[in-house]
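Asks: below is the sequence, then the predicted model.
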Amino acid sequence: MELFGMPIVQVYLYALIIAGLATLLYVLFSDIVEGIGEGSPFLDPAVILAFLTFVAAVGYVLELVTNWSSGLILAVAIAVAFVLDLLLYFFVLLPLKSAEVSMAYTDESLIGQVGKVITPVPVDGFGEIVIETVNGVISKRAAGYENTAIDYEKEVLVIEVKDGTFIVKEYEPFRFK
């Protein structure tokens, strides 16, 4: 069978190459067109490009290895591409969208955390504390709550943040007696 004056196998191959290149370009420049697929998941360029790539790939392979009619091959290619696209969307793209985790933090998000004094905090002065988080170890300037002094290697609780300075109090963990 011929389509656009070319054998259908050649049309599938060109479609596969064009869809593959468009997918590569989308991966590289997806931030520019980020909002396009927000309304409907089926309008997401990643889903559409994957569908076209799957149709072209399955159609090309079936044209080469089977003696089926071109209409049947197109129908099978569309059905297979639809199933693969659904699997891709529900098991890869959807979890990736919901799993976006930022490595960023704010000073206010560290309130209530327990840290350790690495530079003693003097009365009416500043020391330094470190706080271990899932992102790593964070070092911050600290002042004592109510201008109290805190010794080296004491555990402290972050009470508040004022102008980038952590106001801390010596941490006394609750223990059952």
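Replies: Ah, there it is.

Asks: and the contacts of the strand or helix carrying Ile17?
Replies: For Ile17, the enclosing helix or strand under DSSP states H and E is helix 8-29. Residues from elsewhere that reach helix 8-29 (C-beta atoms under 8 Å, 6 or more residues apart in numbering): 1-4, 6, 33, 45-46, 49-50, 52-53, 55-57, 59-60, 63-64, 70. Using the backbone N, CA and C atoms, a C-beta is placed for each residue, glycine as well.

Asks: ChimeraX command to pick out the buried ones of these?
Replies: Selection of buried members from the contacts of helix 8-29 for ChimeraX, criterion 16 or more other C-beta atoms under 10 Å:
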select :45,46,49,50,52,53,55,56,57,59,60,63,70
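
Asks: my read is that Glu170 contacts Ile159, right?
Replies: No - judged on C-beta atoms under 8 Å, Glu170 makes no contact with Ile159 at a distance of 10.8 Å.

Asks: next, count neighbours for Ser30.
Replies: If you count neighbours by other C-beta atoms under 10 Å, Ser30 ends up with 13.

Asks: tell me the phi and psi of it?
Replies: Torsion angles at Ser30 (phi, psi; degrees, to the nearest 10) stand at phi -70, psi -30.

Asks: how about Val137?
Replies: phi -100, psi 130.

Asks: show me what the residue nearest to Asp107 when sequence neighbours are not counted bridges to in the sheet.
Replies: Nearest non-adjacent residue to Asp107, counting by C-beta to C-beta, 6 or more residues apart in numbering: Val161, 4.4 Å away. For Val161, the beta-bridge partners are Phe166 (DSSP bridges).

Asks: if I look at Val161, how far off is Val130?
Replies: 16 Å (C-beta to C-beta, to the nearest Å).

Asks: now do Val83
Replies: Relative to Val130, Val83 is positioned 51 Å away (C-beta to C-beta).

Asks: tell me which of these two has more neighbours.
Replies: Using other C-beta under 10 Å, the more surrounded residue of Val83 and Val130 is Val130, with 14 against 11.

Asks: what sits against the more buried one?
Replies: Gly115, Lys116, Ile118, Val137, Ile138, Ser139, Lys140.

Asks: please redo it, this time with the cut-off set to 10 Å
Replies: By C-beta atoms under 10 Å, 6 or more residues apart in numbering, the residues touching Val130 are Gly115, Lys116, Val117, Ile118, Thr119, Val137, Ile138, Ser139, Lys140, Ala142.
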